[in-house]
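Peer 1: Sharing a model prediction with you, sequence too.
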Amino acid sequence: MIYDPNTLSNINEVKTTHIDLNFNVDFERKIIDALVTLKLVTLVDNVEQVILDTRCLNIKSVSCSGVQLKHQLADRNEKFGSALHIQLNNKLSANTEFDLVVNYNTLEQGTAVQWLEPIQTTGKSHPYLFTQCQAIHARSLLPCQDTPAFKISYNAIVEVPTLLRALMSAIEVGETINVQNNTKIYKFEQTIKIPSYLIALAVGNLVGKEIGPRSTVWTEPEVIESAASEFEDTEQFIAIGEQLLTPYEWKKYDLLVLPASFPYGGMENPCLTFVTPTLLAGDKSLVDVVAHEISHSWMGNLVTTSNWEHFWLNEGWTVFIERKIMGRLHGDKESEFDAIIGWRSLEQDIKLFGPDNALTALTPKLKDVDPDDSFSSVPYEKGFNFLYHIQKVIGGPEYFEPYMKAHVQEFAGKSITTDDWRKFLYSFVEKNFPEKKAALDNIKWDDWLHAPGMPPVKNEFDQTLAKACIELAERWNCARNNKAFDEFSSADIENFTPGQKRWQQVCLKADYDPIFPYVVKFVTEQGRMKYVRPLYRLLNQTTNGSELAKSTFKNNRSFYHPIAAAMIEKDILKEC
Ligand SMILES: CC/C=C\C/C=C\C[C@@H](O)/C=C/C=C/C=C\[C@@H](O)CCCC(=O)O
Ligand SMILES: [Zn+2]
């Protein structure tokens, strides 16, 4: 029995194995005219219908072997979209392979695609679009079984205005010009099986520059040089990932620097990681996000959570590998400081959700829950701390690192649950170092996996970098009483990493009104949720900033990606 509470599709009757996409991108109407062919196989006898996930799609026709099929869009479920019921002409027995062809177009109000006017791009002269399908937005790009339980290969043909370039989470295999339509046609192939949330498309005025033997960085022309130098260490990250895990399987690892409204730090779309332009700090100080996305090449993209309740298997593992990569490159002090910052953000999120909130469990129940509403640092940081704790109790990296490799070898290409993960961990330990089994038995499994709130164990990390921040804060605090402000200068934080400086949040928490214009500028210049959501929330909670937070959001709503706009709206406008 396959379980995924966040799909409306009949995943226990039928399974998609491959998708052919044909997209015609129409910037004037802000729609994608599309034809999708889904290759399916029945899992049981007597299958009479296929139910696909959709959200904000205009379905025109559905056919099988050239014969039109009856179909119906069910009433819209606010959280999960509209199920597309497709009536098959015959009852199919188990293991029957068949194709469904759906002719449809996307709608502007869909949540996967953000359409940008030229003014919203860096160059200001061409339109742009990009998709974000994780967690359950693929259904507003194409009708599909929108579940990470199934993995599909895909091919795509994408027609775009001739001056623009299309990129996808796949390998480009062709590029032709259609002189008649004044369009360009790009062809892509993703031969490795991936879950639907990793289908990704971007179209814009894009140029590429090679930054390594298997990597090209793509951006608008204006930022290509700065992006190429910011990300020049990409190959080193991949190489360390390969040493830690298994050979990199995806052939290319390209990076696409998105316009400012991209709602996440990065998104691990295979062959083509999407990143926020806020990473272009000029000093490589934020490239840990690239190490994170590269780590997803194994954790998440090869070994995938089977539903969103086990999201920590993607993110906890990825943070764990990311910190190993950064530790190998810059030393443990820096990566352990990241772990301390991560613990703090876990504390903040658990406080925000409430320590008894069931969504703060590592494996939360997501029936009737929109995964976006459950998003927090819990799967990332509680997940990381859990793996760090296991590493410690079984004897350290010497024991844990061979197990990490074996984990990827065992599960590559599969979608797994926390139970699958735990069974394999036990079998590996019992086989390779049975003397450590007792240590595994002593882990507080239930508390780690199922209890809400902070983890049952607090790991110890190197405090060197944290101490510098705490000492400065203590000096500031003392100076408050004796008004001895002259002893401070910007030199105090000259050597701090960006992680050590979180100025705007500190000021808002201290109810310091003069920071307001800077906060407004920052939250309207870029749309990364990790930055803008806490700042909007904190501004909204200040004594004098609540109206400013609301009006700033209302006046800039169209700047934000639909996912970010929905979340900020819930944070500050729909609070109880
Ligand atoms: C307890 C949480 C359980 C399930 C949530 C499932 C999916 C979360 C969904 O809302 C989508 C997440 C997409 C994340 C994409 C990239 C991130 O890893 C970026 C992290 C934040 C950042 O660095 O900006
Ligand atoms: Zn991630």
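Peer 2: Happy to help now that I have it. This is a predicted model, so every value here is computed, not measured. Numbering: from 1, shown residues only. Ligands and ions are numbered 1, 2, ... in the order given.

Peer 1: how close does the residue of the chain positioned farthest from its centre sit to ligand 2?
Peer 2: Ranking residues of the chain by C-alpha distance from their mean position (CA atoms, centre = their mean) puts Asn482 at the top, at 47.2 Å. Distance, Asn482 to ligand 2, using CB to the ion, to the nearest Å: 46 Å. All C-beta spots, glycine's among them, are computed from the backbone N, C-alpha and C.

Peer 1: next one: Lys193
Peer 2: If you go by CB to the ion, the gap between Lys193 and ligand 2 works out to 20 Å.

Peer 1: shouldn't that residue be in contact with Ser153?
Peer 2: Yes: in terms of CB atoms under 8 Å, Lys193 counts as a neighbour of Ser153; the distance is 5.4 Å.

Peer 1: The one helix or strand Ile211 maps to: partners in the sheet, and parallel or antiparallel?
Peer 2: Taking DSSP states H and E as the definition, Ile211 sits inside strand 207-212. Next to strand 207-212 in the sheet, as set by DSSP bridges, lie strand 215-219 (antiparallel).

Peer 1: next structured bit after the helix or strand of the chain with the lowest mean pLDDT?
Peer 2: Taking all helices and strands of the chain together, the one with the lowest average confidence (mean pLDDT, DSSP states H and E) is helix 464-482, at a mean of 88. For helix 464-482, the following helix or strand on the C-terminal side (DSSP H and E) is helix 503-509.

Peer 1: and the chain, which residues reach ligand 1?
Peer 2: Among all residues of the chain, those adjacent to ligand 1 (criterion: CB under 6 Å from any ligand atom) are 134-135, 264-265, 267, 308, 311, 359, 364, 371-372, 374-375, 378-379, 528, 530.

Peer 1: Do a quick rundown of the strands in the stretch 301-450 of the chain.
Peer 2: Counting by DSSP state E, counting those that start in this stretch, residue ranges of the strands within the stretch 301-450 of the chain are 304-305, 415-416.

Peer 1: Can the first one be said to contact ligand 2?
Peer 2: It refers to strand 304-305. No: counting by CB under 5 Å from the ion, ligand 2 has no neighbours in strand 304-305; the shortest distance is 11.4 Å.

Peer 1: From the chain's centroid, how far away is that strand?
Peer 2: Relative to its chain's centre, strand 304-305 lies at 13 Å (CA atoms, centre = their mean, to the nearest Å).

Peer 1: One more: the last one?
Peer 2: Mean C-alpha position of strand 415-416 versus that of the full chain (CA atoms, centre = their mean) differs by 17 Å.

Peer 1: near ligand 2, which residues of the stretch 251-400 of the chain show up?
Peer 2: Counting by CB under 5 Å from the ion, the residues of the stretch 251-400 of the chain lying close to ligand 2 are Glu315, Thr318.

Peer 1: What count of nearby residues applies to Phe311?
Peer 2: Other residues lying near Phe311 total 25 when counted by other CB atoms under 10 Å.

Peer 1: Am I right that it is in contact with Thr304?
Peer 2: No: using CB under 8 Å, Phe311 and Thr304 do not qualify as a contacting pair, with a distance of 10.3 Å.

Peer 1: Can you dump the C-alpha atoms of the least confident helix or strand of the chain in PDB for me?
Peer 2: Only the C-alpha atoms of helix 464-482 are listed here, as PDB (Å, rounded to 0.1, in the frame of the first residue of the first chain):
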ATOM      1  CA  THR A 464      34.600  29.500  18.800                       C
ATOM      2  CA  LEU A 465      32.600  31.600  16.200                       C
ATOM      3  CA  ALA A 466      29.500  31.800  18.400                       C
ATOM      4  CA  LYS A 467      31.500  33.100  21.300                       C
ATOM      5  CA  ALA A 468      32.700  36.100  19.300                       C
ATOM      6  CA  CYS A 469      29.100  37.100  18.700                       C
ATOM      7  CA  ILE A 470      28.000  36.400  22.300                       C
ATOM      8  CA  GLU A 471      30.900  38.400  23.700                       C
ATOM      9  CA  LEU A 472      30.100  41.400  21.500                       C
ATOM     10  CA  ALA A 473      26.400  41.200  22.500                       C
ATOM     11  CA  GLU A 474      27.400  41.200  26.100                       C
ATOM     12  CA  ARG A 475      29.600  44.300  25.700                       C
ATOM     13  CA  TRP A 476      26.700  46.100  24.000                       C
ATOM     14  CA  ASN A 477      24.400  45.100  26.800                       C
ATOM     15  CA  CYS A 478      26.800  46.500  29.400                       C
ATOM     16  CA  ALA A 479      27.300  49.700  27.400                       C
ATOM     17  CA  ARG A 480      23.600  50.300  27.600                       C
ATOM     18  CA  ASN A 481      23.800  51.000  31.300                       C
ATOM     19  CA  ASN A 482      26.900  53.300  31.400                       C
END
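
Peer 1: quick one: contacts of it?
Peer 2: With CB atoms under 8 Å, 6 or more residues apart in numbering as the contact definition, helix 464-482 has outside contacts at 333-334, 337, 340, 484-485, 487-488, 492-493, 496-497, 500.

Peer 1: Pull the most distant pair out of these.
Peer 2: Using CB to CB, the pair of the contacts of helix 464-482 lying farthest apart is Glu334 and Ala484, separated by 31.8 Å.

Peer 1: Neighbour count: those two, which is higher?
Peer 2: Counting neighbours by other CB under 10 Å for Glu334 and for Ala484 shows that Glu334 has the greater number, 19 against 11.

Peer 1: The more buried one against Pro498, yeah?
Peer 2: No: distance between Glu334 and Pro498: 11.9 Å, which falls outside the contact criterion (CB under 8 Å).

Peer 1: Taking the chain, what residue is nearest to ligand 1?
Peer 2: Of all residues in the chain, the one sitting closest to ligand 1 is Gly265 (2.7 Å; CB to the nearest ligand atom).

Peer 1: just checking, that residue touches Val532?
Peer 2: No: taking contacts as CB under 8 Å, Gly265 lies outside contact range of Val532: 12.0 Å.

Peer 1: more neighbours, those two?
Peer 2: Applying other CB under 10 Å to Gly265 and Val532 shows that Val532 carries more neighbours, namely 24 against 20.

Peer 1: show me what contacts the more buried one?
Peer 2: Phe522, Val523, Gln526, Tyr560, Ala564, Ile568.

Peer 1: And Tyr531, which helix or strand is it part of?
Peer 2: Here Tyr531 sits within helix 529-541, counting by DSSP H and E.

Peer 1: Buried residues, that helix. List them.
Peer 2: Met529, Tyr531, Val532, Arg533, Pro534, Leu535, Tyr536, Arg537, Leu538, Leu539, Asn540 (16 or more other CB atoms under 10 Å).

Peer 1: next one: stretch 240-249
Peer 2: If you call a residue buried by 16+ other CB under 10 Å, then stretch 240-249 has these buried ones: Ile240, Gly241, Leu244, Leu245, Thr246, Tyr248.

Peer 1: hey, what's the residue nearest to Tyr128 when sequence neighbours are not counted bridged with?
Peer 2: Taking CB to CB, 6 or more residues apart in numbering as the measure, Tyr128 lies nearest to Gly204, with 3.7 Å between them; neighbours along the chain are not counted. With DSSP bridges applied, the residues forming beta bridges to Gly204 are Arg165.

Peer 1: my read is Lys521 is in a helix, agree?
Peer 2: Yes: with DSSP: H, G, I helix; E, B strand; the rest coil as the criterion, Lys521 is part of a helix.

Peer 1: number of nearby residues for it?
Peer 2: Here the number of neighbours of Lys521 (other CB under 10 Å) works out to 10.
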